[in-house]
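> Sharing a model that was predicted from the sequence below.
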Amino acid sequence: MVKTSLLHRFSLAQDETVRLNMDDLRGRLVRRLALLAIGVAQMFILFYEASTLFPTSAIGFWLLLTGLGLGSLWLSDRAPGLSRHLLVWGLTAVLLYAMFYLPAPWLPFVGVLLIFCQAILVQGSEFITGAVLAGTAVYLATVRNYPYPLAGILTNLFLAVIIAWLTIRALYTALDWLSKTQRRAEQLLDVTRSQQAELRSTVKSLQITNELRLQAERELLIANKQARESQRMKEQFAANISHEFRTPLSIISGFSEVMYLSPEVYGGMAWPPKLYRDVSQIYRNSRHLMSMIDDILDLSHFEMTGFTLNKQPTELEPLLQESLGMVADLFRNDAVTLKAEIEPELPLLEVDRTRMRQVFLNLLNNACRFTEEGTVCLRAFRQDGEVRIQVVDTGPGIPQEQLARIFTEFYQVDYSLSRKHGGAGLGLAICHRFVQAHDGRIWVDSVLGEGSTFTIALAVEAPVPGGHLYRTRDLNARPSSKLAPVLVVDPDPSVTSLVQRHLTDYEVIPLADSTNLDAQVTAHHPVAVVWNVTPGETPPAPALSLPVPIITCSLPSRTWMADAFGALACLNKPINFEQLNQTIDSIGGVKNLLVVDDNSGICQLVERGLSARSDELMVRVAYDGESGLSAMRQQPPDLLLLDLIMPGLNGRQVFDIMQQDEALAEIPVILLTATDFISEQFMGQNSQLTVHRSQMLQPLELLHCIQPILKVLQPPYGNLMADAALGEPQPTIEEVA
């Protein structure tokens with residue numbers, strides 16, 4: 001009901017608007033027609049030609065038309081309705097008068113114009129005027145014999161009435177549309193004003209939000225700067241910790257290697273079997289720890305967010321037996337027995353031996369720590385298309401409510417200060433990630449007071465069944481057991497090892513130099529040649545003509561360090577004695593060797609490791625740079641092993657002093673380092689990655705190469721914006737031709 005009332009009032013308001021607009025239009029038309037009538041009257045009297053001096057009919061027409069115009073004009077503002085009617089019916093009367101007393105044949109046709117004007121001024125008057133004029137014309141033509149063309153007059157009057165009526169209808173429609181448009185415009189204006197008020201409020205809110213955004217952006221920029229500083233500190237920490245870890249570990253690994261592989265160095269003494277077994281344990285565990293440190297340094301230094309897997313076809317039983325041997329010494333307590341139940345003829349698995357060995361060692365170590373009496377059993381068997389490895393203990397067990405969080409980082413079942421077992425809560429989390437990386441599963445079943453069972457499930461690739469092969473769809477080619485070869489040109493074995501750890505789907509073939517590169521390409525048919533060069537260097541032109549893609553990159557290599565210093569070679573700790581012996585053999589005639597290193601253990605290790613080489617080789621040691629220079633000046637050695645990181649006079653300073661002394665400048669030098677000093681040395685130079693193929697690359701091939709590069713290389717706009725916003729100096733960008 002309320003809605004109907006509103007619509008009715010809206011309709012009344014709309015009709016009132018149409019009426020007002022129509023009255024305004026009629027008032028304007030009355031004034032114009034009145035003035036026109038006055039003007040026509042004056043023109044008529046001036047140009048009228050008559051036989052008498054003052055014709056009564058003409059004077060009467062002039063007086064009627066002039067008086068009608070003046071009266072309508074005077075009443076237009078005072079009585080608009082009366083003026084309209086006066087003008088309408090007065091003009092009709094004047095025209096009838098003219099038709100009676102001025103027998104011109106064209107006068108009835110003036111009614112056509114009169115009908116249109118009257119239709120606007122007084123609604124319905126067009127019908128009356130048309131009928132009166134038509135009747136008068138018929139009367140005058142038939143009774144008084146006026147020369148009127150009745151057919152034309154009647155036709156024009158009839159058409160004029162119809163057209164005037166249609167025109168006035170269209171005018172009313174237009175005015176109605178105009179009224180609606182005006183009403184709609186007013187409504188939109190009201191809405192606009194309301195929205196404008198809301199917009200002002202929104203703009204105010206946006207200003208406040210923008211201020212908060214600017215503040216948040218600045219805080220983010222500060223956080224970005226702090227994150228980059230933390231990243232730099234992390235890398236520096238990794239470099240320092242690698243030196244701290246590698247130095248003692250290299251001594252442990254080196255001495256245990258000499259004892260285990262070359263026991264004859266210590267004379268003809270008979271090694272007790274237990275002692276020999278203990279030395280082998282030290283050697284194997286030190287090598288395992290060194291491999292883990294290399295992986296950690298890779299993740300830290302090269303800013304990788306994950307880890308890579310070096311999968312190899314592996315027999316599971318020897319790997320499990322090796323893990324059991326490495327933890328055997330932990331179970332010397334008679335209260336806990338270590339057992340193994342390994343099913344024979346387990347299938348080959350594609351696994352990363354180092355990662356899985358770490359998983360087995362972590363689980364066995366945890367079982368040993370938490371089991372005070374009973375047994376720890378390592379089981380391996382095949383079930384449901386998987387190989388399952390279980391570590392079963394008879395420890396205290398794990399509460400059911402804590403099983404879901406047992407593989408979370410830093411989570412420990414016992415958080416009390418009086419807990420018996422140490423650890424940071426990372427072992428099981430690392431195991432979980434390593435197993436997941438192998439597309440496997442790991443879970444635990446436990447009963448309080450009875451023990452726990454940790455299970456690892458690794459999928460076994462099902463063999464292709466024999467018999468007939470019916471092709472019902474397109475078959476994907478199965479990968480060959482032989483991996484596609486990739487040649488890596490760099491004399492540094494660590495570069496080849498790094499590439500191998502990350503290109504797990506290819507067989508990496510190392511080449512120390514490019515002298516026989518064409519022969520190696522012919523022999524191996526590699527999919528590509530990875531050529532490691534110093535920044536700014538390019539391979540020789542003959543290599544670029546080989547029918548194989550040449551990928552030029554800049555991976556940190558110890559060869560760069562040796563070339564930058566002008567040294568013979570650069571060796572990482574722990575020292576690879578096989579590589580050291582090869583370098584000594586390449587020099588020839590080395591009888592006097594000087595080792596300059598601040599760590600006495602390293603000096604003793606080199607002395608012990610080279611003692612089996614020859615009785616004629618004399619190894620001298622110096623524990624700092626000053627002592628090393630003094631020893632060289634007293635007796636120049638045939639070969640110098642120089643540590644780069646030393647307190648006081650470091651290895652680089654010693655090398656610079658040697659180059660300034662003619663007596664010492666020609667001494668061959670092998671650099672020793674336990675940290676990644678290479679990247680710091682070449683930090684100011686831009687790395688590079690180029691791909692060259694002797695045949696032209698097609699556009700689609702180029703696009704396929706560009707796509708993965710764009711996914712990896714993200715421009716550091718955030719760092720530049722942070723530096724600019726925080727007022728730090730920007731690096732100068734030079735145009736490179």
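Ah, there it is.
> Pull out the buried positions in stretch 546-562.
Within stretch 546-562, the residues that count as buried by 16 or more other Cβ atoms under 10 Å are 546, 548-562. All C-beta spots, glycine's among them, are computed from the backbone N, C-alpha and C.
> Oops, could you answer that again for stretch 26-41 instead?
For stretch 26-41, a neighbour-count test (16+ other Cβ under 10 Å) marks Arg26, Gly27, Leu29, Val30, Arg31, Leu33, Ala34, Ala37, Ile38, Val40, Ala41 as buried.
> what does stretch 566-575 give?
Ala567, Leu568, Ala569, Cys570, Leu571, Asn572, Lys573, Pro574, Ile575.
> Flag the least confident of those residues.
Minimum pLDDT for the buried residues of stretch 566-575 is recorded at Pro574 (70).
> Pull the contacting residues for that one.
Arg246, Leu249, Ser250, Ile251, Ser253, Gly254, Met290 (Cβ atoms under 8 Å, 6 or more residues apart in numbering).
> One more pass at 6 Å, please.
Ser250, Ser253, Gly254 (Cβ atoms under 6 Å, 6 or more residues apart in numbering).
> cool, and Arg357?
Contacts of Arg357 (Cβ under 6 Å, 6+ apart): Ser323.
> so which strand or helix has it?
helix 353-370 (DSSP states H and E).
> What average pLDDT does that helix get?
85.
> What of stretch 577-594?
Rounded mean pLDDT across stretch 577-594 is 80.
> Equivalent analysis for stretch 504-524, please.
82.
> rewinding a little: which of the buried residues of stretch 566-575 fall within helices?
Among those, no member falls in helices (criterion: DSSP state H).
> Sort out for me which of those are in strands.
Ala569, Cys570, Leu571, Asn572 (DSSP state E).
> Could you export the residues you listed as JSON lines, including distance to Asp190?
Compiled in JSON lines, these are given as follows (distance: Cβ to Cβ, whole Å):
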{"residue": "Ala569", "distance to Asp190": "88"}
{"residue": "Cys570", "distance to Asp190": "83"}
{"residue": "Leu571", "distance to Asp190": "86"}
{"residue": "Asn572", "distance to Asp190": "81"}
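> Considering those residues, which is situated nearest to Ser494?
Asn572 (6.4 Å; Cβ to Cβ).
> Walk me through the domains of this protein.
Per the record's domain assignment (automatic domain parsing), the chain is made up of the domains 16-148, 311-459, 484-556+686-695, 564-675.
> Out of those domains, which gets nearest to Leu221?
Of the domains of the chain, nearest to Leu221 by Cβ to Cβ is domain 484-556+686-695, at 25.5 Å.
> can you list the weak-confidence ranges in the stretch 601-737 of the chain?
Applying pLDDT under 70 to the stretch 601-737 of the chain picks out residues 612-615, 674-687, 697, 711-737.
> how about the helices of it, start to end?
Secondary structure of the stretch 601-737 of the chain (DSSP state H, counting those that start in this stretch): helices located at 625-634, 651-660, 678-681, 699-712, 717-725.
> Same question for the stretch 201-350 of the chain.
Counting by DSSP H, counting those that start in this stretch, the helices of the stretch 201-350 of the chain are 273-301, 316-327.
> May I see these arranged in a markdown table, with mean pLDDT as well?
Shown next, in a markdown table, are the helices of the stretch 201-350 of the chain (pLDDT from 0 to 100):
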| stretch | mean pLDDT |
| --- | --- |
| helix 273-301 | 68 |
| helix 316-327 | 88 |
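> Now tabulate these in a markdown table and tack on mean neighbour count.
Converted to a markdown table, those look like this (neighbours: other Cβ atoms under 10 Å):
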| stretch | mean neighbour count |
| --- | --- |
| helix 273-301 | 16 |
| helix 316-327 | 17 |
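> Output these as JSON lines; include the columns distance to Leu189.
Listed next are the helices of the stretch 201-350 of the chain as JSON lines, based on distance: least, Cβ to Cβ, whole Å:
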{"stretch": "helix 273-301", "distance to Leu189": "66"}
{"stretch": "helix 316-327", "distance to Leu189": "83"}
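> Any idea which of those gets closest to Leu640?
Nearest to Leu640, of these and by Cβ to Cβ, is helix 273-301 at 25.4 Å.
> Check which residues of stretch 637-649 are buried.
Pro637, Asp638, Leu639, Leu640, Leu641, Leu642, Asp643, Leu644, Ile645, Met646, Leu649.
> For it, give me every contacting residue.
By Cβ under 6 Å, 6+ apart, stretch 637-649 touches 590-598, 624-626, 651, 667-673, 677.
> can you pull out the strands in the stretch 401-550 of the chain?
According to DSSP state E, counting those that start in this stretch, the stretch 401-550 of the chain carries its strands in the segments 441-447, 451-459, 484-489, 506-511, 528-532, 550-553.
> So what's the gap between the fifth one and the chain middle?
The reference is to strand 528-532. 29 Å (Cα atoms, centre = their mean, to the nearest Å).
> strands paired with that strand, and their directions?
strand 484-489 (parallel), strand 550-553 (parallel) (DSSP bridges).
> which is the next helix or strand following the last one?
Put plainly, it is strand 550-553. helix 558-565.
> Helix, strand, or coil at Val391?
strand (DSSP: H, G, I helix; E, B strand; the rest coil).
> Would you mind giving the buried residues of stretch 566-575 as JSON lines with distance to Arg620 added?
JSON lines is the format used below for the buried residues of stretch 566-575 (distance: Cβ to Cβ, whole Å):
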{"residue": "Ala567", "distance to Arg620": "19"}
{"residue": "Leu568", "distance to Arg620": "18"}
{"residue": "Ala569", "distance to Arg620": "19"}
{"residue": "Cys570", "distance to Arg620": "21"}
{"residue": "Leu571", "distance to Arg620": "18"}
{"residue": "Asn572", "distance to Arg620": "23"}
{"residue": "Lys573", "distance to Arg620": "19"}
{"residue": "Pro574", "distance to Arg620": "21"}
{"residue": "Ile575", "distance to Arg620": "17"}
